[in-house]
Structures are given as C-alpha cells and as structure tokens.
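1. Here's a sequence, model it:
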Amino acid sequence: MNKLFFKDKPLVGLDIGSTDMKIMSIDAKRQFVTGYGVMDLDPAQIKKALDGEGSYLVKSLQSLLDRKLVGHLLSDHVVIGIPTARTFSRTFTVPANAEQSLGEAVKLEVGQYIPIPISLLYVDYEIIERNNDTLTVVMSAVPRKLIDTTIDACEAVGLTPTVIEPAINAVARVLKTTEEGYLPTVIVDIGSTNTDIAVLDGSIRITGGVPTGGNTFTLDISKKLGVTLENAHQLKVLNGLSSGPKQSKLSSALRPSLRNIITETRKVIRYYNERLSNERRLEQVLVVGSGSNVPGIGDFFTDELVMPARTANPWQELDFGELPQPAKQFRSRYISVAGLAHVPKGDVWK
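-> As a prediction, the model looks like this:
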C-alpha cells in the first residue's frame with residue numbers, strides 16, 4: 001500500500017482496471033452508499049495511458065465523474081486501486097537477526113524475481129509475522145510511471161489521492177468481514193479479461209494471475225456453439241455449468257479456459273503450502289469478480305481443487321437507500337471499489 005497524504009475527510013474508492021474504472025462513496029458508520037459509478041474503458045488505450053501515453057486516463061476520469069456518477073461523493077479524497085497484474089507481490093522469510101538489514105534483503109528479492117530494474121519501481125514492504133527465529137515479510141513493487149501517471153490524472157480532475165494499492169488487497173478487505181475471510185482463503189478474482197489469484201491469510205501472502213476472464217468465457221461459448229456474442233453471454237450467465245439440456249456443450253466450451261485458471265490457482269496454493277503456510281491449512285476458495293457470474297462455477301472449483309469453494313456475495317451489508325442499485329448481474333464488478341472505500345482512516349496514518 002503506497003501512502004501519499006491525508007486530511008480528515010471521508011475516503012472514496014476509485015478502482016482503475018484494465019477494462020473499466022469504478023468509483024464508490026460509502027458512509028462507513030452506516031454502511032450507506034452515497035454514490036457510485038462505472039466507466040467502461042478501451043483496454044489498449046488504458047494500457048497506454050497507465051504507461052504515461054496520452055490523455056485517455058484524464059478524459060475517462062472526468063467522464064466518470066461528470067456522466068456516470070449515481071448519487072454524490074462524500075469528499076474528493078480517493079483510495080486508488082490499480083490492476084493487480086501490473087504489480088508485483090512476494091512474501092518471504094529472513095532470520096530474525098536480519099531485521100536491521102531488511103531493506104537490503106528486499107532489494108535482493110526485487111532483483112531476483114521482478115523483471116524490471118528497481119530504479120523504475122516504487123517498493124514497499126512490511127513485517128507481517130515474527131517469532132524468535134524468523135521474520136515473514138510481504139513486499140510489493142509497482143512501476144513508478146504507473147503510480148505517477150495515476151496521481152497526476154486524479155489531481156487533474158480535482159481528486160486528492162491518499163492511498164494506492166493493488167485491487168486484490170481491496171477485495172480481501174471486503175471478504176475479511178463478509179465471507180469468513182479471517183480463515184486462510186484462496187481468492188480467485190475473475191475480471192473481464194484477466195483473473196487474479198491470491199492467498200489471504202491475515203494479509204495477502206502471494207498473488208498470481210492469467211490473461212483469462214469473463215470475456216474469454218463468452219468468446220469460447222460463441223465459437224463452440226456458433227452463436228452471437230450476445231447470445232453466448234446470456235447462455236453463460238443463465239446456464240453456465242449448471243445442469244440442463246445445454247450443460248454438455250457449455251461445459252465443453254468453458255472448461256479449457258477454466259482449467260487455465262485452475263492450473264495457476266494450484267501453483268499459488270503449492271507455493272503457499274511449501275513456503276509460507278507454517279502448517280496452516282487453506283480452508284476455502286472464494287470466487288469473485290465480474291466473470292464469476294457463471295452458474296455452477298463454485299462447484300467446479302470445489303471438484304477441481306478438492307476444497308470448499310463458492311462465489312462470494314459481499315453486498316448484504318451495504319445500504320443503497322433510495323439510489324438505484326446496480327443490476328444483479330453487474331454487482332460483482334463493484335467488490336474491489338467497495339473494498340477501497342472501506343480503508344480505515346487509521347491505516348492511512350500507519
């Protein structure tokens with residue numbers, strides 16, 4: 001989490017993804033949503049924009065605020081989520097007596113495992129566990145250009161950045177309080193074009209990902225069944241992997257991409273079990289994100305990973321009052337921005 005600066009104002013969540021950006025303002029005391037909105041993005045243009053090319057990010061942010069906002073924002077102070085796939089996170093252990101030279105150990109990890117020179121990165125780290133023998137450290141690194149560009153764009157539209165973090169951290173914050181996320185948990189966050197995978201054990205311990213998402217599922221169904229993308233999307237969200245006359249064909253279409261996600265999930269689980277678990281056992285898999293709206297996907301993960309799995313439903317504690325709520329099939333895309341809006345003020349001071 002990159003902490004910038006802070007004044008005593010309510011914090012608003014702003015999630016800048018690879019296919020859309022979302023904003024949400026929540027009255028934390030009442031769990032009351034005062035405003036929210038979403039803006040679809042051109043993936044190629046937002047990728048260039050986050051690398052500092054052109055004005056697409058500024059124009060999209062302004063359009064989100066001017067045309068897509070439902071309700072109102074409590075302040076201009078934003079907690080920003082950035083694409084997890086554009087960040088690097090790693091958890092490692094060092095001897096307890098090495099704490100004084102921890103900065104050098106972090107630099108060594110960066111040099112060994114991150115394919116970008118450290119001079120081009122912002123690097124942060126935190127000790128998340130300690131005992132008499134070892135320290136467990138979580139390290140995060142993000143390209144400087146991405147952070148600087150994001151801050152400049154927010155300030156250009158009148159927003160004040162206070163915290164920047166990977167979107168998967170915001171998802172974890174919501175799951176901790178709504179989905180028994182206090183248990184050692186595998187998070188599978190299926191977006192439109194990418195899937196982020198993480199182990200949540202008190203904090204995010206390890207992340208992984210694959211370039212497969214909900215749009216991939218739609219395209220697979222369209223090709224396999226010879227139907228339009230619109231019809232394929234309907235089949236995906238209405239039938240999916242659930243039993244019925246279309247189950248065989250739909251399962252055949254969806255399984256190759258789902259197995260790509262399963263393969264990466266197994267790698268993340270294996271790394272946690274072999275290097276980080278300290279004999280703690282993973283208890284559950286929570287499937288979230290805009291691409292998780294496939295009936296039967298929880299049972300699929302349960303069968304493949306031999307671990308209890310389900311799609312998460314983190315909306316039960318939020319009150320939209322008189323605001324029109326997002327349609328049921330679109331609510332899952334707001335989980336990360338809801339987590340961003342829930343950053344405790346005290347965490348900004350740490």
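2. nearest spatial neighbour of Asp51, skipping sequence neighbours?
-> Lys145 (5.9 Å; C-beta to C-beta, 6 or more residues apart in numbering). (C-beta placed from N, C-alpha, C; glycine too.)
3. Distance-wise, check the one you found relative to Pro43.
-> Noted for Lys145: a distance of 18 Å to Pro43, by C-beta to C-beta, to the nearest Å.
4. ditto for Leu323
-> For Leu323 relative to Pro43 (C-beta to C-beta), the value is 29 Å.
5. and if you look at Arg86?
-> 13 Å.
6. cool, and Val268?
-> Val268 is 24 Å from Pro43, by C-beta to C-beta.
7. The residue nearest to Asp51 falls within a helix, correct?
-> Yes: under DSSP: H, G, I helix; E, B strand; the rest coil, Lys145 falls within a helix.
8. Show the pLDDT at it.
-> Lys145 is assigned 96 on the pLDDT scale.
9. from memory it sits against Glu53, does it?
-> No: assessed by C-beta atoms under 8 Å, Lys145 is found out of contact with Glu53, at 9.7 Å.
10. which non-adjacent residue is nearest Val288?
-> Ala312 (4.7 Å).
11. what residues are up against that neighbour?
-> 175, 178-179, 286-288, 292, 335 (C-beta atoms under 8 Å, 6 or more residues apart in numbering).
12. Just put the residues you listed in a markdown table and tack on distance to Asn239, secondary structure and pLDDT.
-> Below are the contacts of Ala312 laid out as a markdown table (distance: C-beta to C-beta, whole Å; DSSP: H, G, I helix; E, B strand; the rest coil; pLDDT from 0 to 100):
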| residue | distance to Asn239 | secondary structure | pLDDT |
| --- | --- | --- | --- |
| Leu175 | 27 | helix | 91 |
| Thr178 | 27 | helix | 83 |
| Glu179 | 25 | coil | 83 |
| Leu286 | 23 | strand | 96 |
| Val287 | 17 | strand | 96 |
| Val288 | 21 | strand | 93 |
| Ser292 | 15 | helix | 92 |
| Ile335 | 23 | helix | 88 |
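13. what residue ranges in the protein score low on pLDDT?
-> 1-8, 314-317, 345-350 (pLDDT under 70).
14. Show me the helices in it, by range?
-> Ranges of helices within the chain are 43-50, 56-67, 102-113, 144-156, 167-178, 214-225, 229-238, 247-271, 297-305, 335-341, 345-349, based on DSSP state H.
15. who are the neighbours in contact with the residue nearest to Phe32 when sequence neighbours are not counted?
-> Nearest residue to Phe32, sequence neighbours excluded (C-beta to C-beta, 6+ apart): Asp319, at 5.0 Å. Going by C-beta under 8 Å, 6+ apart, Asp319 touches 30-33.
16. Glu99 now?
-> 127, 135.
17. So which bits of stretch 221-237 are buried?
-> By 16 or more other C-beta atoms under 10 Å, the buried positions in stretch 221-237 come out as 221-222, 225, 232-233, 235-237.
18. What is the most widely separated pair among the residues you listed?
-> Pairwise distances across the buried residues of stretch 221-237 (C-beta to C-beta) peak at 14.6 Å, for the pair Leu225 and Val237.
19. ok so, going back, could the contacts of Ala312 be laid out in CSV, adding distance to Gly298 and neighbour count?
-> What follows is the contacts of Ala312, written out as CSV (distance: C-beta to C-beta, whole Å; neighbours: other C-beta atoms under 10 Å):
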residue, distance to Gly298, neighbour count
Leu175, 14, 24
Thr178, 16, 18
Glu179, 12, 20
Leu286, 9, 28
Val287, 6, 24
Val288, 11, 26
Ser292, 9, 23
Ile335, 15, 26
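20. Not including adjacent chain positions, what is the nearest residue to the residue positioned nearest the centre of the chain?
-> Closest to where the C-alpha atoms of the chain average out (C-alpha atoms, centre = their mean) is Ile168, at 2.9 Å. Residue nearest to Ile168 in three dimensions, not counting chain neighbours: Thr84, with 4.4 Å by C-beta to C-beta, 6+ apart.
21. Please tell me how far the one you found sits from Val294.
-> In terms of C-beta to C-beta, Thr84 sits 21 Å off from Val294.
22. go on, Val78?
-> Counting by C-beta to C-beta, the gap from Val78 to Val294 is 31 Å.
23. Would you confirm that the residue nearest to the centre of the chain contacts Ala198?
-> Yes: Ile168 lies in contact with Ala198 (C-beta under 8 Å); the separation is 4.9 Å.
24. who touches both of the two?
-> In contact with both Ile168 and Ala198: 84, 187, 189, 204, 207, using C-beta under 8 Å, 6+ apart.
25. and which of these is nearest Val110?
-> Thr207 (15.3 Å).
26. sorry, back to before: narrow the contacts of Asp319 to those in strands?
-> 32-33 (DSSP state E).
27. Please indicate which of the contacts of Asp319 has the highest neighbour count?
-> Each of the contacts of Asp319 was scored by neighbour count (other C-beta atoms under 10 Å); the top score is that of Val33, with 21 neighbours.
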